[in-house]
Structures are given as structure tokens and as C-alpha cells.
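S.K.: What shape does this take:
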Amino acid sequence: MAAGDKDATRRSRRPRSDGAMTLFEHLREFQSRLFKSALAILVGAGLAWFFYDQIFKVITAPFMDVVAEAKANGQEVVLAVNGVTDAFTLQLQVVLISGVIIALPIWLFQLWRFLAPGLKGVERRWAYGFVFSATPLFLLGTFIAYKSMPSLLHLLLGFTPTNVANIINISTYLAFTIQLMLFFGIGAIIPAIFVMLNFAGLLSGERLLKSWRWLVIGVMTFAAVATPSTDPVSMLIVAAPFMVIVAIAVLIMVINDRRRARKAARAGTTAWSDDEASTIEAADVAPEDLVPSPIEEDVT
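M.R.: Now for the predicted structure:
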């Protein structure tokens, strides 16, 4: 193969600078990003395999607190493995989930690199802001869920009748833990979505600020569902960080709305409303303009 043909082949494998890619190039790029993400997750899972005992201890720590309290009250609560292969399956599940968390920056970066060529300059900045804000917010939500688990487990296991033992499958407990953390994590990301919609011009911060009562009700309802306890202190402890996140998001949206309004005022685009008629007088039409041209006569 000639040197010119090799150079042409190399150039064809690179994404175009303007972001325009063929379907085959998109599929090849997706395959490359997916492979790198999967490889990072497998490496993270391999690291988690050697620290499985420590990770498992952290996961089951909230449950162990409830077990100790139940034993003090004369109740029996046990985590159990039912099948012969369930212990091995459990370890695989724990290390894979840990691998996803460990490789979070890498596969988020690969996702970003796959989406970035199709975004414009402004959209790219919005995506950067969302990724960098959503990641710590999601981790904060999962941390709040982890700290709320003892009170939630105590409430749910408190419905157990007297002289009845709670034998809970460890896989069921693991699924419950993941679902609760995802619930809190997504709840923490919602304010970041509001900010993104505001920067895109689809949601006004002033409108949310006027509806602050509904925001408070929504946050309190979320906290009540997440911690269905009769103790109001626990609900307020869960609601407080989410309320702070929502307040910061609304403040950013209001500041952005005022910045956009000042920019529009300097450009003079806010002098008239959308439904206001123009004050520019219609131009006078000269009589000779109404006479058909020779071209129009030939056509007719």
C-alpha cells in the first residue's frame, strides 16, 4: 500500500473536526468508548475483589446497627445466604457495583467524549457544567441515603410481630440498598437539571422563586417518602441538605435570568413585547412598481 493511501486511511478513522460523522464512524466511536469504559469498570472490580471484606463491612454496617438494637429488645434479625452459589454471586455483585463507582470518572469522561463532537460551543459548556455538578451531587445523595438507612431499617423491621425472626436474604438487602441510594442520588441531581433547563432558556428562576412554597412542599414530601418515620427530626435532617441544594440552584437561575435580561436590554431586544405591533410605517408603493415586467408578460 502506498504512503498516500495509508495517510488517507488514518484520516478516515479520525472524527471530523466539525463533528460530522457517518453512521459507521459513530458506531466505531461508540464501540471504542464502550470498550474503554468496560475495561475501566473491570479494573475497578478487580481492585474491589481484594478489598471485598472491607467493602462488605461498610455495606452491612447500617444493618448491623439494627441487629444489635433488635437483640437488645429480644428480637432476632439475621442476614442469610440461602443457596449454595449465592455467596459467590453476592461477591460478584458487590465487586461489580464497586467497579462502576471506582471507574465513575473514567466512564463519565468516555461518555462525554462520545457526545462532545455533536454539541455546539455553548451546549458543550452546559454539558461540562452538568457533568461536573451532577457527579458530586449524586455522591452526596448516596451518602445521605447511607446515613438514613439505620432509621429506615429500624422503622421497617419494627413491624415484625413478637416471637417472629427476621431472616433477610443478603441479595434482597443489597438490592434495597442500591435502590435507596439511586433514589437519593437522582433526587440530588434534579436541581442541576433545573439549572440546565434555565441556561437553555426553558425554565425561569423567577417562576420557581414565586413558587417557593411548592418547592418546600416537594422537598419535604421527598424527605417523608425517603424516611417514612414518625420522628420529624429525622425528616428534617434528610430534608435540610436537599433544601440547601434547591436554594443554591434557584439562586443560580435567578442570577442567570437577570444577566440575560441585562444583556437583552443592552442589545435593545426588550423594547417591545412579542405581541406589540411595529411602529415602522409601511413604505409607499410607486405606481410604476405595479406594472408587470416584460419577463412576467412573456411568462403569461
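
S.K.: Next, give phi and psi for the spatially closest residue to I168 that is not a sequence neighbour.
M.R.: Distance criterion C-beta to C-beta, 6 or more residues apart in numbering; nearest residue to I168, sequence neighbours excluded, is L79 at 5.8 Å. C-beta coordinates here come from the backbone N, C-alpha and C atoms, glycine included. Backbone torsions of L79, given as degrees, to the nearest 10, read phi -90, psi 130.

S.K.: residues in contact with L79?
M.R.: L79 makes contact with T60, F63, V67, I168, N169, I170, Y173 under the criterion C-beta atoms under 8 Å, 6 or more residues apart in numbering.

S.K.: farthest pair in these?
M.R.: Longest distance between any two of these is 14.9 Å, between V67 and N169; criterion C-beta to C-beta.

S.K.: For the helix or strand that contains S98, enumerate the helices and strands it packs against.
M.R.: Taking DSSP states H and E as the definition, S98 sits inside helix 86-102. Packing contacts for helix 86-102, counted by 3 or more C-beta pairs under 8 Å, 6 or more residues apart in numbering; DSSP states H and E, involve helix 23-50, helix 52-72, helix 170-199.

S.K.: Quick one: residues in contact with it.
M.R.: 41-49, 52, 55-56, 59, 81, 83, 107, 169-171, 174, 178.

S.K.: Now do the same for L39: its pLDDT.
M.R.: Note for L39: predicted pLDDT of 92.

S.K.: Distance-wise, check it relative to T135.
M.R.: 20 Å (C-beta to C-beta, to the nearest Å).

S.K.: And for D65?
M.R.: Going from D65 to T135 by C-beta to C-beta gives 29 Å.

S.K.: Repeat that for I41.
M.R.: I41 is 16 Å from T135, by C-beta to C-beta.

S.K.: Please identify which of the two sits among more neighbours.
M.R.: For I41 versus T135, neighbours defined as other C-beta atoms under 10 Å are more numerous around I41 (21 against 15).

S.K.: Contacts only, for M253.
M.R.: So M253 contacts F194, V195, N198, L203, S204, G205, L208 (C-beta under 8 Å, 6+ apart).

S.K.: Mind telling me the two of these farthest from one another?
M.R.: Longest span within these, C-beta to C-beta: V195 and S204, 12.0 Å.

S.K.: List the residues that contact the most centrally placed residue in the chain.
M.R.: Nearest to the geometric centre of the chain sits I189, at 4.9 Å (C-alpha atoms, centre = their mean). Contacts for I189 were tallied using C-beta under 8 Å, 6+ apart; they are A134, L137, F138, G141.

S.K.: do that again at 10 Å, thanks
M.R.: Going by C-beta atoms under 10 Å, 6 or more residues apart in numbering, I189 touches F130, S133, A134, T135, L137, F138, L140, G141, I245.

S.K.: could you flag which of those are buried?
M.R.: F130, S133, A134, L137, F138, L140, G141, I245 (16 or more other C-beta atoms under 10 Å).

S.K.: Among those, which ones are in strands?
M.R.: Per DSSP state E, strands hold no members of the buried ones among the contacts of I189.

S.K.: All set, thanks.
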